[in-house]
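# sequence below, structure please.
(one chain, ligands or ions: 1)
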Amino acid sequence: MDVKKLKTAYREVAQMAECKEIFWTNPKSGEEKKLPFNMEDICDAEARLRRFAPYIAKAFPETAASGGIIESELVEIPNMKKELEKMCGEFGGRLYLKCDSNLPVSGSIKARGGIYEVLKFAEKVATDAGMLSREDDYSVLTEPRFRELFGRYSVAVGSTGNLGLSIGIISAKLGFKVTVHMSADARQWKKDLLRSKGVTVVEYPDDYQKAVAEGRKEAASDPYCHFVDDEASQDLFMGYSVAARRIGAQLEKLGIIVDEQHPLFVYIPCGVGGAPGGVAFGMKEVYGENVHIFFAEPTHAPCMTLSMITGLKNEIAVSDIGLDGKTEADGLAVGRASVLVSDVMETLLDGCYTIEDKRLYPFLTRLADSENIFIEPSSCASFPGPSLTAAAAGWLKEKDLADKMKNASHILWATGGSMVPEEEMKDYYNRGK
Ligand SMILES: *Cc1c(COP(=O)(O)O)cnc(C)c1O
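Alright, predicted model coming up:
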């Protein structure tokens, strides 16, 4: 790879190589492209989650109130809007937070895709065994005969933390044997929590991608093992995309209009790409050109930004431009983007931006002080987004958005936080003070 050439061809790549923050808009956004999935796939995933709802409600009583549907609130955060404008620059319209940080069961956006993939596997195993049909009340899955069946199978995943939590918790609950391959830099409390639920946690001194490779290798030699592949899984992707089918009612309740005169902006932190990619795909399927999606990444691990700018998909890693891939933002320390997601996002994503680690904490603290909402540092990576798009005069003009921004709704997608132990959260809070 000729890195020097890339740096000359793309000004942003040269800046990224120096760990500078960048903002990039995608020139291919809106172009025609044949995608590997469509709305039918999202509806299929949504229907599967509905079938499982009676089981989820029974197995995780905290979801009983929502009938076993794992969903989060969308809330307006007007006080934080004022803070954000002071910190990053003014922007028109209104500001909202999608609180996936509070998703039940595993406290992060991974409760969408991760849980979905394991449920789909369980449905297949139980159906193939002749013990379950689609018309059944799936709460029967809590019966011992199913735990016995699932106990013959195992689930494995490589994870920096939150994905491991969601896969570990749901797999153990169903009765699968489950192994989470983790990088050594994963938080201790996440490892402890998983072990307390009977999950086998294997730690690797090397990076996350190595952990994934180990997990994949181990699973490949075992026909009774399902490997959740964070770098390429379509099931994860579809599980995340269902969010877009459910947000309509929430937008309506808040009086948010999405049409040509009222653009919707979504800003979402990105690691390997599955979670933000699935959400982005779903939102584009539902809201088309009236929704604009931006991904946020740490300056030290901007794998998707690099992939999108260069068009090199997963053939380029952050180490190729001299970056170490290290960040304090849990879930975002990823050196190479998902090939599936970078391909699907080629014409869907509106843009990317990067943020320095040290800027995450002040956002966390201001959100806590102004709205009494606590999220984890990685969730704060998206926060400069509304000010960045508002300042992108050329792009706004090109997209005919300039005079519509006063009508805009901006959603910051909070991806994790509610399971962070109080002591740890206090620490984060104090760092941002
Ligand atoms: C996993 C995660 C992300 C990013 O999701 P990817 O699928 O890795 O892109 C963002 N924020 C948090 C808190 C996460 O756990």
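# and the residue most central in space within the chain, what does it touch?
With distances taken as Cα atoms, centre = their mean, residue 275 lies nearest the centre of the chain, 3.0 Å away. Applying Cβ atoms under 8 Å, 6 or more residues apart in numbering, one finds that residue 275 lies in contact with 109, 110, 112, 113, 236, 240, 268, 415. Glycine gets a C-beta too; all of them are placed from N, C-alpha and C.
# and which of those residues is nearest to the ligand?
residue 415 (3.2 Å; Cβ to the nearest ligand atom).
# pretty sure that closest one sits against residue 331.
Yes: between residue 415 and residue 331 a contact is recorded at 7.0 Å, counting by Cβ atoms under 8 Å.
# same drill for the two, tell me which one is more crowded.
More neighbours surround residue 415 than the other of residue 415 and residue 331, with 32 against 28 (other Cβ atoms under 10 Å).
# re the thing from before, find residues that contact each of residue 415 and residue 331.
108, 269, 378.
# in JSON lines, list these along with neighbour count, distance to the ligand and secondary structure.
Output for the shared contacts of residue 415 and residue 331, formatted as JSON lines (neighbours: other Cβ atoms under 10 Å; distance: Cβ to the nearest ligand atom, whole Å; DSSP: H, G, I helix; E, B strand; the rest coil):
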{"residue": "108", "neighbour count": "31", "distance to the ligand": "5", "secondary structure": "strand"}
{"residue": "269", "neighbour count": "30", "distance to the ligand": "4", "secondary structure": "strand"}
{"residue": "378", "neighbour count": "31", "distance to the ligand": "4", "secondary structure": "helix"}
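# can you tell me how far residue 82 is from residue 154?
For residue 82, the distance to residue 154 equals 50 Å [Cβ to Cβ, to the nearest Å].
# now residue 278
Counting by Cβ to Cβ, the gap from residue 278 to residue 154 is 25 Å.
# tell me the contacts of residue 336?
Contacts of residue 336 (Cβ under 8 Å, 6+ apart): 209, 231, 272, 303, 307, 314, 316, 317, 318.
# is it in a helix, a strand, or coil?
Put simply, residue 336 is coil when judged by DSSP: H, G, I helix; E, B strand; the rest coil.
# from what I can see residue 393 touches residue 399, true?
No: with contacts counted by Cβ under 8 Å, residue 393 stays clear of residue 399, the gap being 11.2 Å.
# and the two? which has more neighbours close in?
Set residue 393 next to residue 399 and count neighbours by other Cβ under 10 Å: residue 399 wins out with 18 against 9.
# please tell me the pLDDT value assigned to residue 211.
The score at residue 211 is 67. That number is its pLDDT.
# if you could redo that for residue 221, that was the one I meant.
So, for residue 221, pLDDT stands at 86.
# count of residues packed around the closest residue to the ligand within the stretch 101-250 of the chain?
In the stretch 101-250 of the chain, the residue that lies nearest the ligand is residue 162 (3.3 Å; Cβ to the nearest ligand atom). Number of residues near residue 162 (other Cβ under 10 Å) recorded here: 27.
# next up, phi/psi of it, please.
Per-residue torsions, residue 162: phi -70, psi -40 (degrees, to the nearest 10).
# ok, residue 300 next?
Dihedral angles (degrees, to the nearest 10) for residue 300: phi -90, psi -10.
# surely it meets residue 20?
No: the criterion here is Cβ under 8 Å, and residue 300 misses it with residue 20 at 11.3 Å.
# shared neighbours, those two?
Taking Cβ under 8 Å, 6+ apart as the contact criterion, residue 300 and residue 20 have no common neighbours.
# of the two, who's got more company?
residue 300 (21 against 12).
# how much space separates residue 210 from residue 244?
In terms of Cβ to Cβ, residue 210 sits 33 Å off from residue 244.
# ok, residue 402 next?
Going from residue 402 to residue 244 by Cβ to Cβ gives 26 Å.
# that older thread, what is the nearest of the contacts of residue 336 to the ligand?
Taking Cβ to the nearest ligand atom as the measure, the ligand lies nearest residue 272 of the contacts of residue 336, at 4.1 Å.
# list phi and psi for the closest one.
phi -80, psi -20.
# my guess is it contacts residue 341, does it?
Yes: counting by Cβ under 8 Å, residue 272 does reach residue 341; the two are 7.3 Å apart.
# the ligand contacts on the stretch 1-150 of the chain?
Within the stretch 1-150 of the chain, the positions near the ligand by Cβ under 6 Å from any ligand atom are 108, 109, 110.
# mind pulling up the pLDDT for the first one?
In other words, residue 108. Each residue has a pLDDT score; the one for residue 108 is 96.
# which residues does it contact?
100, 101, 162, 165, 166, 331, 376, 415, 416, 417, 419.
# wait, a strand at the last one?
No: assessed with three-state DSSP, residue 419 is coil; it does not lie in a strand.
# could you measure from it over to residue 190?
Note on residue 419: its distance to residue 190, by Cβ to Cβ, is 8 Å.
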